[in-house]
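> Below is the structure, and that's it, no one-letter string:
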């Protein structure tokens, strides 16, 4: 995992977010053993107490659980992981919508831009591979 921190927020929160992202993205699967606190601290170049605090917060959220003698493990409850993933996605979407509103787009215009960007990405990948695929609107680009 790549560790870089910004000075605007506590490091333990940034650690917590990075570990959370590694879980919801599948880098760490349900039931996986996480590296030891000291190993994570050394890898991230932070104090072990900072790592400990981040992991305690993840335990409180239910994403991680501790076994006293064998370390910490990712929850096996896929519902908790999926709920966390959806919450993170919703935060990103809400931030994006706020940013779009700040430059003058309403929700409907923002949604249209997202759809067009997705179609544009599909068209770009089709053009890159030399294929013209039929778009969702039934138009294959030939006018």
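Perfect, I can see it now. What you see is a predicted model; the values in this text were computed from it and never measured.
> can you pull the contacts of the most centrally placed residue in the chain?
Nearest residue to the geometric centre of the chain (C-alpha atoms, centre = their mean): residue 21, 4.6 Å. Residues in contact with residue 21 (C-beta atoms under 8 Å, 6 or more residues apart in numbering) are 27, 88. Heads up, the C-betas are built off the backbone N, CA and C, glycines and all.
> Walk me through the domains of this structure.
According to automatic domain parsing, the chain comprises the domains 11-77, 80-129.
> what number of residues lie near the nearest residue to residue 52 once chain neighbours are set aside?
Among residues not flanking residue 52 along the chain, residue 37 sits closest, at 5.4 Å (C-beta to C-beta, 6 or more residues apart in numbering). Using other C-beta atoms under 10 Å, residue 37 is surrounded by 17 other residues.
> which residues does residue 64 contact?
So residue 64 contacts 19, 23, 34, 55, 58, 72, 73, 74, 75 (C-beta under 8 Å, 6+ apart).
> I'd like the list of the residues you listed that fall within strands, please.
Using DSSP state E, 72, 73, 74 are the members of the contacts of residue 64 that sit in strands.
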